[in-house]
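S.K.: structure here, sequence nowhere to be found:
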Ligand code: 13P
């Protein structure tokens, strides 16, 4: 379906939403937070690795993962001078949201970030588990008790949330069952977030694992986004009060034919244009296992070529592609080096979000 037709469909469905739920003060707040999250020139730092994932990252540099070392690492990231010039929000894991700066005044992280003009965010899903009946596919869990958890996170200072759905490409995958179950959960989560005053980051990630082509990634991502927006609208989610966090349209890690930067930019833009309503204020990509340089080069190419045709702000919400250099430079104790590496990546991605980083990535592919 063409975007024009699609927007008409979305608009008429949205009207029904406004008749049912009124456009009140809470909605205005959500809109303003969502806009702030994707403001031009800034992106979101995803530092919400669960404890097992964080431990894996630490293992790669030979650092023991403890409550204290994780606190120290996150403090190093968030304490980077000048970070607020390029970063609008930080997504934290539950443990981190309850931790504090490691210097004398021990300020809780949400308060510390807010004082620097950075929005505190929280990952609220409880992880992707095997989908019953589909042994190679995943369903993200965490809806039980979510309303109470969200109210508590708001009290602790969070202003936005994240939920990641995982879609796997393979033989006979993804199934409709997997796409629908995950889209439904994303929509239920998103509506609960908005009720609690938190902007939901809606993250349907089509994984880049495997050997599929960029065309297959395009087809699956298109199918997924379509169902996700159908479900968001069905659950009365205010589209102006979300941030979409999708994968880029890329060749799988083991595909023999790796699409170049221009092709990635072209197909990603086309997929989003055809499937993401213009009411959504912003799109913040995940990096998904791309190298830090490539993730940045792709974002730059999209913004350079298509920003005039994009109704949403298009930026980054990277985990690995922002943190990898910083983690290596930190190496367990080198705070200053870690911070310099993070600031460098944040700054370059900020340029990419404006399409101004071409010189930096001339030789990347
Ligand atoms: P990556 O950028 O490392 O994919 O992480 C982003 C994220 O938040 C995954 O949920």
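M.R.: Nice, thanks for sending it over. Given the structure is predicted, the values throughout are model-derived calculations rather than measurements. Residues are numbered from 1 along each chain as shown.
S.K.: helix, strand or coil for residue 144?
M.R.: coil (DSSP: H, G, I helix; E, B strand; the rest coil).
S.K.: what about it, how many neighbours?
M.R.: Residue 144: 9 surrounding residues under other CB atoms under 10 Å. Using the backbone N, CA and C atoms, a C-beta is placed for each residue, glycine as well.
S.K.: which stretches of the stretch 101-250 of the chain form helices?
M.R.: 109-115, 146-155, 176-196, 214-234 (DSSP state H, counting those that start in this stretch).
S.K.: compute the inter-axis angle for the third one and helix 146-155.
M.R.: So the one you mean is helix 176-196. 50 degrees (axes from the mean of the first three to the mean of the last three CA atoms, to 10 degrees).
S.K.: hmm, residue 82 is touching residue 340, no?
M.R.: No - look at residue 82 against residue 340 with CB atoms under 8 Å: they stay out of range, at 10.3 Å.
S.K.: okay, those two: which has more neighbours?
M.R.: Between residue 82 and residue 340, counting by other CB under 10 Å, residue 340 is the more crowded of the two (15 against 12).
S.K.: distance check, the more buried one against the ligand.
M.R.: Separation of residue 340 from the ligand (CB to the nearest ligand atom, to the nearest Å) stands at 20 Å.
S.K.: find the helix or strand that that residue is a member of.
M.R.: Assigned by DSSP states H and E, residue 340 belongs to helix 335-352.
S.K.: which stretches of the stretch 201-350 of the chain have low pLDDT?
M.R.: Judged against pLDDT under 70, the stretch 201-350 of the chain has no low-scoring part.
S.K.: near the ligand, which residues of it? Just list them.
M.R.: 203, 286, 287, 288, 318, 319, 320, 321 (CB under 6 Å from any ligand atom).
S.K.: closest one to residue 249 out of these, please.
M.R.: Distance to residue 249 across these (CB to CB) is lowest for residue 288, with 11.2 Å.
S.K.: would you confirm that that closest one contacts residue 205?
M.R.: Yes - contact status for residue 288 versus residue 205: in contact at 6.4 Å, counting by CB under 8 Å.
S.K.: overlap of the contact sets of the two?
M.R.: residue 247 (CB atoms under 8 Å, 6 or more residues apart in numbering).
S.K.: and the residue of the stretch 251-365 of the chain found nearest the ligand, how far is that from residue 345?
M.R.: Of all residues in the stretch 251-365 of the chain, the one sitting closest to the ligand is residue 319 (2.7 Å; CB to the nearest ligand atom). Separation of residue 319 from residue 345 (CB to CB, to the nearest Å) stands at 11 Å.
S.K.: sorry, back to before: got the helices of the stretch 101-250 of the chain as CSV, with mean neighbour count columns?
M.R.: Formatted as CSV, the helices of the stretch 101-250 of the chain follow (neighbours: other CB atoms under 10 Å):
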stretch, mean neighbour count
helix 109-115, 19
helix 146-155, 16
helix 176-196, 21
helix 214-234, 20
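S.K.: of all the ones you listed, which one is nearest residue 266?
M.R.: Between residue 266 and these, the shortest gap by CB to CB is with helix 214-234, which sits at 9.9 Å.
S.K.: and the closest one, what does it pack onto?
M.R.: Packed against helix 214-234, as judged by 3 or more CB pairs under 8 Å, 6 or more residues apart in numbering; DSSP states H and E, are the following elements: helix 3-20, helix 176-196, strand 199-206, helix 261-275.
S.K.: now that helix against strand 199-206, angle please.
M.R.: Helix 214-234 runs at 150 degrees relative to strand 199-206, counting by the same axes, to 10 degrees.
S.K.: coming back round to it: right, and the helices and strands packed on helix 214-234 - which one's nearest residue 247?
M.R.: Of all those, it is strand 199-206 that lies closest to residue 247, at 4.9 Å by CB to CB.
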